[in-house]
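# Predicted model and sequence below, questions to follow.
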Amino acid sequence: AQTVTQSQPEMSVQEAETVTLSCTYDTSENNYYLFWYKQPPSRQMILVIRQEAYKQQNATENRFSVNFQKAAKSFSLKISDSQLGDTAMYFCAFSTGGFKTIFGAGTRLFVKA
Amino acid sequence: DTEVTQTPKHLVMGMTNKKSLKCEQHMGHRAMYWYKQKAKKPPELMFVYSYEKLSINESVPSRFSPECPNSSLLNLHLHALQPEDSALYLCASSLTGLTTFEQFFGPGTRLTVL
């Protein structure tokens, strides 16, 4: 069975600093897709970043980047220059390309002014 | 238009009521999803429609009845719900049912069952 583990239930970071959210997963598949979704308080969930397992290069979207370690089955999210608007629940998610996406338990991130 | 809309935003219903949740997207996506989300928890998949056909039912109780009248619209009919069904119900869509593509989520309907 495939699983996604986020070991940090809550984190906080000072505005303008950098924070890294951890995610590990377990699968026997060789080809799969990884995602980080952001769910701000009382607002809808949006995709932050997406990584295809067959690509060695780490995905980057503006201040958001990932450290994808396929052998270690690790997919951490780094947020640089944290902003107050980054306060949200962050879900790591995994898919083999079928109909289902498996979500981790989430990490609640607080950005302090 | 890159938006998934859901109505109503809030719904309070008794255990004997019948109500419906509505979800709409105009992005040309051919897969639509219903999720249930409890507070501080990840979304739990309930149903997946792909090309207007029900592709996945995650053993959801029959008091939840999905319907996909066309490729842009997804309904969730509710009947004889229990208090433990109180949650945020999220609709999502994606280009196809293959989850290689990102899912676009709606804002959700916050359901309270009394």
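Ah, there it is.

# and the end-to-end length of stretch B:5-25?
Counting by CA to CA, to the nearest Å, the length from the leading to the trailing residue of stretch B:5-25 is 7 Å.

# Just the buried positions in that stretch, please.
Using 16 or more other CB atoms under 10 Å in any protein chain shown as the burial criterion, the residues of stretch B:5-25 that qualify are B:6, B:11, B:13, B:19, B:21-25. To be clear about C-beta, it is placed using only N, CA and C from the backbone, and glycine gets the same treatment.

# Might you enumerate the residues of chain A proximal to chain B?
A:33, A:35, A:37, A:43-47, A:50, A:52, A:89, A:91, A:95-101, A:103-106, A:108 (CB under 8 Å from any CB of the partner chain).

# Now narrow the buried residues of stretch B:5-25 to whatever sits close to chain A.
Among the buried residues of stretch B:5-25, no residue is within reach of chain A (CB under 8 Å from any CB).

# want to throw those into CSV with pLDDT, distance to B:N75 and secondary structure?
Converted to CSV, the buried residues of stretch B:5-25 look like this (pLDDT from 0 to 100; distance: CB to CB, whole Å; DSSP: H, G, I helix; E, B strand; the rest coil):
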residue, pLDDT, distance to B:N75, secondary structure
B:Q6, 97, 11, strand
B:L11, 96, 13, strand
B:M13, 93, 15, strand
B:K19, 96, 11, strand
B:L21, 98, 7, strand
B:K22, 98, 6, strand
B:C23, 98, 7, strand
B:E24, 97, 10, strand
B:Q25, 96, 13, strand
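
# so who does the residue nearest the centre of chain B touch?
Closest to where the C-alpha atoms of chain B average out (CA atoms, centre = their mean) is B:W34, at 3.0 Å. If you count contacts by CB atoms under 8 Å, 6 or more residues apart in numbering or on different chains, B:W34 has them with B:23, B:45-47, B:66, B:74, B:76, B:89-91.
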